[in-house]
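**Q** Have a look at this prediction, sequence included:
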Amino acid sequence: MALVGLREMLEDAEKGRYAVGAFNCNNMEIIQAIIDAAVMEKSPVIIQASQGAIKYAGLEYIAALTKLAAQKAPVPVALHLDHGTSFEQAVKCIHAGFTGVMVDGSKYPVEENIALVNRVAAVARPCGVSVEGELGKITGTEDDVYVSDKEALYTDPDEACYFVEKAQVDALAIAIGTAHGQYKGEPKLDMDRLREIDRRLDIPIVLHGSSGVPDDTLREAVANGVRKINIDTNIREAFMAAAKAALAEQPALLDPRKMLAPAREAARELIRQKIRVFGSNNRA
Ligand code: G3H
Ligand code: 13P
Ligand code: ZN
């Protein structure tokens, strides 16, 4: 089927009280792994492209591959810009056929964040493209943030209400203790904060940095209102472990397909498992 809008997909998730996986892609094999996993699990799915992915693979390639994969798939697929930082890039994505764009203005003061979101939304929404905003600061696991300072970065519920009132967003990414990349210890999520934000907001909540968060914690986050869950690092880990194993087994390997096929399969299985944790299986 044709690509579907992020907003509609997340509205269905809200009705069914599950979350849709937003899986980052870097290349054709990962796009195929994401689609195959969604088809096998009969699940809606979001394919998203980060700044690094766009630099590596090119916006047009990602859009073309995802549109083709979506056309062939009997499940709803959305194509989303991840951590978009500029108006110009968001417009390029809209032209290329993305059905959602994240506008990450979280590093700016709130009024600037709102202004950036609204500038993009003025173009995106009339085209039927949904907008994700971010409030609070989701760090990288490599960033040294003292535990005592962490809460200062978390999303403030009052500010979240103000933001959603002023900014034309269809989904909101919040900071409640996750971080991008590989965790050193086990992440602790501020579920009370999540519950309060969910109680006071009327739009779907997005959890970033979800790789390495224990399955039970992810299930609890879904039960408390998270409707989009971003996974990148876990896919890279599965993909690269299988690629390395193929090379270790056959050090003189010449045919890249013999390394990439098992890597694609490992990524697919990891994504299937995540889809089941998010509860979006059998919802397509
Ligand atoms: O949000 C983040 C992505 O996991 C970062 O990915 O290295 O492809 O830009 P990247
Ligand atoms: P992880 O790489 O930690 O899964 O984070 C993914 C993410 O949040 C993409 O926006
Ligand atoms: Zn993220």
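**A** Nice, I can see it. Ligands and ions are numbered 1, 2, ... in the order given.
**Q** Spell out which parts of the protein neighbour ligand 3.
**A** Proximity of the chain to ligand 3, by Cβ under 5 Å from the ion, involves residues 208, 230. Yep, even glycine has a C-beta here, placed from its N, CA and C like the rest.
**Q** mind redoing it with 8 Å?
**A** Applying Cβ under 8 Å from the ion, we find that the chain lies next to ligand 3 at 50, 82-83, 104, 138, 173, 180, 208-209, 230, 232.
**Q** So which of the residues you listed sit within strands?
**A** Secondary structure assignment (DSSP state E) places 82-83, 173, 230 from the residues of the chain next to ligand 3 within strands.
**Q** Close to ligand 1 as well: tell me which of the residues you listed qualify.
**A** Counting by Cβ under 6 Å from any ligand atom, 82-83 from those sit close to ligand 1.
**Q** Only the buried subset of the ones in strands among the residues of the chain next to ligand 3, as a ChimeraX command please.
**A** Selection of buried members from these for ChimeraX, criterion 16 or more other Cβ atoms under 10 Å:
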select :82,83,173,230
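**Q** tell me which residues in stretch 257-266 are buried?
**A** Across stretch 257-266, burial judged by 16+ other Cβ under 10 Å covers 259-260, 262-266.
**Q** Centre of the chain to that stretch, how far?
**A** Put simply, stretch 257-266 sits 23 Å off its chain's centre (Cα atoms, centre = their mean, to the nearest Å).
**Q** next one: stretch 223-243
**A** Centroid separation between stretch 223-243 and its chain, computed with Cα atoms, centre = their mean, is 9 Å.
**Q** Quick check: buried residues in it?
**A** Using 16+ other Cβ under 10 Å as the burial criterion, the residues of stretch 223-243 that qualify are 224-239, 242-243.
**Q** Check the burial of E88 by counting its neighbours.
**A** Look at E88: counted by other Cβ atoms under 10 Å, it has 10 neighbours.
**Q** now it: how far from ligand 1?
**A** Per Cβ to the nearest ligand atom, to the nearest Å, E88 is found 18 Å from ligand 1.
**Q** mind checking which helix or strand that residue is in?
**A** Per DSSP states H and E, E88 falls inside helix 87-96.
**Q** before we move on, what about A69?
**A** In this assignment (DSSP H and E), A69 forms part of helix 59-72.
**Q** Tell me what V226 is bridged to.
**A** Beta bridges link V226 to I205 when assigned by DSSP bridges.
**Q** I'd assumed V206 was in contact with it.
**A** Yes. Counting by Cβ atoms under 8 Å, V226 does reach V206; the two are 7.2 Å apart.
**Q** Distance check, the closest residue to F278 other than its chain neighbours against I114.
**A** Nearest non-adjacent residue to F278, counting by Cβ to Cβ, 6 or more residues apart in numbering: A19, 4.3 Å away. Between A19 and I114 the computed distance is 26 Å (Cβ to Cβ, to the nearest Å).
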